[in-house]
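In: Model the structure of this input:
(one chain, ligands or ions: 1)
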Amino acid sequence: MQAYESSIIVDALNTPTLPRIAMFTLGGTIAAVASEGSDGRVAPQIDGAGLVRAVPQLAQCARIETVEFRRVPSGDLTLDDVRELADAVRDQCGDYDGVVVTQGTDTLEETAFALDLLLESGTPVVVTGAMRNPTMAGADGPANLLGAVQVAASREAAGRGVLVVMNDTIHAARWVRKTHTSSTAAFTSPGPGSLGVVHEGEPRFFSVASKRLVPLARPMSDIPSVALVRVVLGDDDRFLRQVAALGYRGLVVEAFGGGHVPSRMVSALGELAQIMPVVLTSRTGSGSVLTSTYGFPGSEADLLARGLVWAGDLDGLKARLLLGWLLASGEGTEQVRASFRSFGE
Ligand code: ASP
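Out: Residues are numbered from 1 along each chain as shown. All right, here's what the predicted structure looks like:
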């Protein structure tokens, strides 16, 4: 386990009535600057106190305690890091009105969803980052951090699961996706849309909090490897035939459209589904996998009849996280099937 540094209190106004926010920093573009000899290329370097100092308005809305949890590009985070983060947030959130996590945007949708699976929703937890680093014109990190703190400090944010705030927009972890390489509006929630906005410093939610089936049971073991395979035009079963030998304990298939694969992949998928959970998602990125519309070999109805697990409207990235956690909690294929069903309904 990697130790993280102790925290500092930023309380410029010394106002004990302001909400208390714990801010866990993990690195990413929001904290990335150039260093000597880097030729202007940036890497995560700014600590939590530095991030807070760059946004004087924070002192008017919260008392913030920062925790240096990691300082990495988000592609270097692991599932164990996320599990440790969830434990740290759980341990501390009783002392705070809200929690903010800052990290790189590349894996933010996965971290936020994994936290959502693991945490109670009593204390708001908001994940944010930046698309433009602090050396760029129009850097978005300060505004995103301010918005995230304003949402985390709000009572209205409680009970909605883990939230993502980017570009003054509030997203549910379950739906949010990074859908652009560089735009400050990269984060969207295809399908159901976002939950609300931050307007003049106030969170405005468009809907009441909906029912949540999480948190999941605490994992009993390490999170087993789950493969994620995107089916492509002209695909065949070569990789599928290696999945078990490579040591994977589960598979998520991002199939065409409503949940379809080429007929030449069908027997390998059916055989795999007899020895490990094989979860059927769609590569389209929104909408629910069909169940009973098409009847050709490789259709959704055919694959489900061969034992594949219906993922509902979870995308492949999120289905992979859910499957890993269910396997780590000791669930076998039939329990996994029931868990995905209750999650998807
Ligand atoms: N481009 C990334 C970011 O937005 C880098 C990372 O994910 O760490 O932070």
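In: backbone phi and psi for F24, please?
Out: When read as degrees, to the nearest 10, the backbone of F24 gives phi -100, psi 120.
In: going forward can the numbers begin at 222, since that is how I track them
Out: Shifting the count to begin at 222 puts that one at F245.
In: Distance of it relative to the ligand?
Out: Between F245 and the ligand the distance is 15 Å, computed by CB to the nearest ligand atom, to the nearest Å. All C-beta atoms are positioned from the backbone trio N, CA, C, and that covers glycine.
In: got it, and G528?
Out: 36 Å.
In: do the same with R459
Out: From R459 over to the ligand the distance is 31 Å, taken as CB to the nearest ligand atom.
In: now swap in V450 and tell me
Out: When V450 is compared with the ligand (using CB to the nearest ligand atom), they lie 23 Å apart.
In: Of all residues in this structure, which one is closest to the ligand?
Out: Nearest residue of the chain to the ligand (CB to the nearest ligand atom) works out as G325 at 2.0 Å.
In: Wait, that residue touches P265, no?
Out: Yes: the pair G325 / P265 is scored as a contact, 7.4 Å apart, by CB atoms under 8 Å.
In: in a strand, that's where L449 is, yeah?
Out: Yes: assessed by DSSP: H, G, I helix; E, B strand; the rest coil, L449 belongs to a strand.
In: Contact partners for it?
Out: 472-473, 475, 537-538, 541 (CB atoms under 8 Å, 6 or more residues apart in numbering).
In: and stretch 393-410, how far apart are its ends?
Out: 8 Å (CA to CA, to the nearest Å).
In: Same check on stretch 468-480?
Out: First-to-last distance for stretch 468-480 - CA to CA - comes to 25 Å.
In: Figure out how far it is from the centre of its chain.
Out: On the basis of CA atoms, centre = their mean, to the nearest Å, stretch 468-480 sits 19 Å off its chain's mean C-alpha point.
In: tell me the average confidence for it?
Out: Mean pLDDT, stretch 468-480: 98.
In: That stretch: which residues count as buried?
Out: Neighbour-count burial for stretch 468-480 flags 469-477, 479-480 (criterion: 16 or more other CB atoms under 10 Å).
In: Just these: which are in strands?
Out: Taking DSSP state E as the definition of strands, those contribute 471-476.
In: shared neighbours of G325 and P265, anything?
Out: Common neighbours of G325 and P265, counting by CB under 8 Å, 6+ apart, are 248-250, 293-294.
In: partners of V254 in the sheet?
Out: Bridge pairing for V254 (DSSP bridges) gives the partners A264.
In: tell me which residues in stretch 444-464 are buried?
Out: 444-445, 447-450, 452, 456, 458, 461, 464.
In: chain center to it: distance?
Out: Using CA atoms, centre = their mean, the offset of stretch 444-464 from its chain centre is 22 Å.
In: With stretch 278-285 instead?
Out: Remark: stretch 278-285 is offset 26 Å from the chain centroid, using CA atoms, centre = their mean.
In: Distance across it, terminal residue to terminal residue?
Out: Termini of stretch 278-285 sit 12 Å apart (CA to CA).
In: quick revisit: overlap between the shared contacts of G325 and P265 and the residues near the ligand?
Out: When contact is defined as CB under 6 Å from any ligand atom, these meet the ligand at 249-250, 294.
In: Strands - which of the residues you listed land there?
Out: Counting by DSSP E, none of the members of these fall within strands.
In: which of these has the most neighbours?
Out: G249 (27 neighbours; other CB atoms under 10 Å).
In: Next, give phi and psi for it.
Out: The phi/psi pair for G249 (degrees, to the nearest 10) is phi 90, psi -180.
In: do you know how far it is from L542?
Out: Applying CB to CB, to the nearest Å, the value for G249 to L542 is 19 Å.
In: If you count neighbours, what's buried in stretch 420-430?
Out: By neighbour count on 16+ other CB under 10 Å, the buried set for stretch 420-430 is 424, 426.
In: Was I right to think R395 contacts L538?
Out: No: R395 is beyond contact range of L538, at 11.3 Å (criterion: CB under 8 Å).
In: more neighbours, those two?
Out: R395 (23 against 18).
In: For that one, list the residues it contacts.
Out: When contacts are counted by CB under 8 Å, 6+ apart, R395 touches 334, 337, 382, 535, 539.
In: do T356 as well
Out: Going by CB under 8 Å, 6+ apart, T356 touches 254-255, 261, 263.
In: what's the answer for R381, then?
Out: R381 neighbours (CB under 8 Å, 6+ apart): 342, 345, 393, 416, 426, 430-431.
In: Among the contacts of T356, list the two that are farthest apart in space.
Out: For those, the farthest-apart pair by CB to CB is V254 and G261; their separation is 10.0 Å.
In: Give me the neighbour count for the residue nearest to F408 when sequence neighbours are not counted.
Out: In space, and not counting its chain neighbours, F408 is closest to M387: 4.2 Å by CB to CB, 6 or more residues apart in numbering. A count of nearby residues for M387, using other CB under 10 Å, gives 27.
In: Report pLDDT for C314.
Out: Per-residue pLDDT puts C314 at 84.
In: how about it, secondary structure?
Out: helix.
In: now swap in Q371 and tell me
Out: Criterion first, three-state DSSP; result for Q371: helix.
In: I figured it was touching H420, is that so?
Out: No: with contact defined as CB under 8 Å, Q371 does not reach H420; the gap is 10.0 Å.
In: shaky segments in the protein?
Out: 222-236, 432-435 (pLDDT under 70).
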